[in-house]
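**Q** Sequence below, structure please.
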Amino acid sequence: MQFTPEHRQLADTVRRFCATEVNPHLKAWEDAEIFPAHDLFKKMGQLGLLGVKYDPAYGGMGLDFSYQMVVAEELGAIRCGGVTMAIGVQTDMATPALARFGSHELKTEYLAPAIAGDMVACIGVSEPGGGSDVAAVKTWARKEGDDYVINGSKMWISNSLQADWCCLLANTSEGKPHENKSMIIVPMDAKGITTQKITKIGMRASDTSQIFFDNVRVPRRNLVGMEGTGFMMQMMTFQEERLYAAANSLKMMDLVIDETIAYCKERHTFGQPLIANQVIHFRLAELRTEIEALRSLIYRAVEDYVAGQDVTKMASMAKLKCGRLIREVTDSCLQYWGGMGYTWDNIVSKLWRDGRLISIGGGADEIMLGIICKLEGTLPRRPRA
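**A** Residues are numbered from 1 along each chain as shown. Now for the predicted structure:
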């Protein structure tokens, strides 16, 4: 993949933003278990960072996905995972289907303010009874006159305590599970919506909750695209979400190794710095090589995606590899920090906790393996009932 001066200029903008507007505040945000999304997103919106790949008619930059990948990778320099995940929800999870399939009126009302940073968005797919199994969604949106009446609940919803609207996946008919679901934009101040905060072991700066829908009415004009196409739209969204997660993990892992090298140069045992032990510097070299191999896979997948090719397999491979590699990198490096690595505020222990989610959210490792096997033709067929 060839990087233009425009790619590098965008990377510099994101890098400066992280250093000045995010990293100095992380301790307070992690302690509070929430960050000021409206304030931060407004600053990002003013820089154009929330609409890099979106239509200029709605405030976007109109650039291809390679520029969004640059943003995702540079956001990995944020010294925690929660804020970068929340930004990804806004740019690569809650808004892609609306941007691609929504009506002009719907995009004007919800997408444009999200790009400007005036509205915070969340994505309502996962439920208490299933996360990665999207076809198992049980939330219903039944038609009553000009409205949908929504009942059900969503689980593990990032940004939900601050969100202005939710891109909700719900059943709208009794048809087959892959054909009866629709995406609906739901204002989070609608009557009948309540939330319950969830406390997590990592991603502490990101607010997360369960959302309950009790006879929530929204206009049927809030439907994204056509009824029954929600599952398809979510599957398409997953490709960008998974590439975002993979690209975002790269600098996070580089940061862990950089910090570990610095610590192992300063820390002495048995009369020599820790870094002088071959088992350590060889292992760090091996891990850095793995990161660079993953970077090449991501760049190739993004290049093919921009060219209009189907990258389902490569995006799934990248998501699988980044989830497993970040666990390997953080766990290995934490060991070299010894007791210091086991303290709460250590950067390695923080990213050890935060990075663990990557193998779960956006499709668990096992789901990625299933997709890859299906596309490889090695997935056994299920016996018919």
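**Q** make it CA atoms for all contacts and neighbour counts henceforth
**A** Fine.
**Q** Go ahead and confirm Asn23 touches Arg79.
**A** Yes: contact criterion CA atoms under 8 Å: Asn23 and Arg79 qualify, at 6.3 Å.
**Q** which of these two has more neighbours?
**A** Shown here are Asn23 and Arg79; by other CA atoms under 10 Å, Arg79 has more neighbours (24 against 16).
**Q** what kind of secondary structure is the more buried one in?
**A** With DSSP: H, G, I helix; E, B strand; the rest coil as the basis, Arg79 sits in coil.
**Q** Could you do Ser209 as well?
**A** Ser209 ends up strand, using three-state DSSP.
**Q** Which residue lies closest in space to Thr194, excluding its sequence neighbours?
**A** Take Thr194 and drop its neighbours on the chain: the residue closest to it by CA to CA, 6 or more residues apart in numbering is Phe212, 5.3 Å away.
**Q** ok, the one you found to Leu26 distance?
**A** 30 Å (CA to CA, to the nearest Å).
**Q** Go ahead and measure how far the helix or strand encompassing the residue nearest to Thr194 is from the middle of the chain.
**A** Using DSSP states H and E, Phe212 maps to strand 208-219. With CA atoms, centre = their mean, to the nearest Å as the basis, strand 208-219 stands 22 Å off its chain's centre.
**Q** what residues does that strand touch?
**A** Contact with strand 208-219 is made by 146-161, 186-187, 190-199, as judged by CA atoms under 8 Å, 6 or more residues apart in numbering.
**Q** Name the residues of that strand that come out as buried.
**A** 208-213, 215-219 (16 or more other CA atoms under 10 Å).
**Q** and which of these is nearest to Glu266?
**A** Thr208 (38.1 Å; CA to CA).
**Q** Next, count neighbours for the closest residue to the closest one other than its chain neighbours.
**A** Residue nearest to Thr208 in three dimensions, not counting chain neighbours: Ser158, with 4.5 Å by CA to CA, 6+ apart. Using other CA under 10 Å, Ser158 has 25 neighbouring residues.
**Q** For Ser158, list the residues it contacts.
**A** Contacts of Ser158 by CA under 8 Å, 6+ apart are 86, 89, 122-123, 206-209.
**Q** picking that back up, local confidence estimate at the residue nearest to Thr194?
**A** With respect to pLDDT, Phe212 has a value of 98.
**Q** Return the distance of it relative to Asp304.
**A** 39 Å.
**Q** And for Ile87?
**A** Going from Ile87 to Asp304 by CA to CA gives 24 Å.
**Q** Between these two, which is the more surrounded one?
**A** Ile87 (24 against 16).
**Q** So which residues lie in contact with the helix or strand that contains Trp29, not counting its own?
**A** Mapping Trp29 onto the secondary structure by DSSP H and E places it in helix 26-32. Contacts of helix 26-32 with the rest of the structure, by CA under 8 Å, 6+ apart, involve 35, 79-80, 204-205.
**Q** avg pLDDT for that helix?
**A** 97.
**Q** and whichever helix or strand comes after that helix, how far from the chain's centre?
**A** Reading on from helix 26-32 to the C-terminus, the next helix or strand found by DSSP H and E is helix 37-46. With CA atoms, centre = their mean as the basis, helix 37-46 stands 17 Å off its chain's centre.
**Q** Just flag the most distant two among the contacts of helix 26-32.
**A** Among these, Phe35 and Arg79 lie farthest apart (CA to CA), at 13.7 Å.
**Q** what's the overlap in contacts for the two?
**A** Counting by CA under 8 Å, 6+ apart, nothing touches both Phe35 and Arg79.
**Q** For Glu303, give me its contacts.
**A** 1, 66.
**Q** Ile150 sits in which helix or strand?
**A** Judged by DSSP H and E, Ile150 forms part of strand 147-158.
**Q** Which residues belonging to that strand are considered buried?
**A** 147-158.
**Q** Give me the distance between that strand and the centre of its chain.
**A** The answer for strand 147-158 is 20 Å, by CA atoms, centre = their mean.
**Q** Pairing partners for the strand holding Phe212, with directions?
**A** Strands that pair with strand 208-219, judged by DSSP bridges, come out as strand 147-158 (antiparallel), strand 193-197 (antiparallel).
**Q** what mean pLDDT does the longest one have?
**A** Computed over strand 147-158, the mean pLDDT rounds to 97.
**Q** now Tyr299: how far from Ala315?
**A** 10 Å.
**Q** Among these two, which residue is more densely surrounded?
**A** Ala315 (28 against 19).
**Q** Kindly provide the distance from that one to Leu243.
**A** For Ala315 relative to Leu243 (CA to CA), the value is 6 Å.
**Q** I'd like the buried residues of strand 147-158 as JSON lines, with distance to Val279 appended.
**A** JSON lines is the format used below for those (distance: CA to CA, whole Å):
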{"residue": "Asp147", "distance to Val279": "64"}
{"residue": "Tyr148", "distance to Val279": "61"}
{"residue": "Val149", "distance to Val279": "61"}
{"residue": "Ile150", "distance to Val279": "57"}
{"residue": "Asn151", "distance to Val279": "56"}
{"residue": "Gly152", "distance to Val279": "53"}
{"residue": "Ser153", "distance to Val279": "49"}
{"residue": "Lys154", "distance to Val279": "46"}
{"residue": "Met155", "distance to Val279": "43"}
{"residue": "Trp156", "distance to Val279": "39"}
{"residue": "Ile157", "distance to Val279": "41"}
{"residue": "Ser158", "distance to Val279": "39"}
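**Q** on that earlier part again, which members of the buried residues of strand 208-219 define the maximum pairwise distance?
**A** It's Thr208 and Pro219 that sit farthest apart of the buried residues of strand 208-219, by CA to CA, at 26.2 Å.
**Q** so who does Tyr299 touch?
**A** Counting by CA under 8 Å, 6+ apart, the residues that Tyr299 touches are Met1.
**Q** Using the three-state scheme, assign it.
**A** helix.
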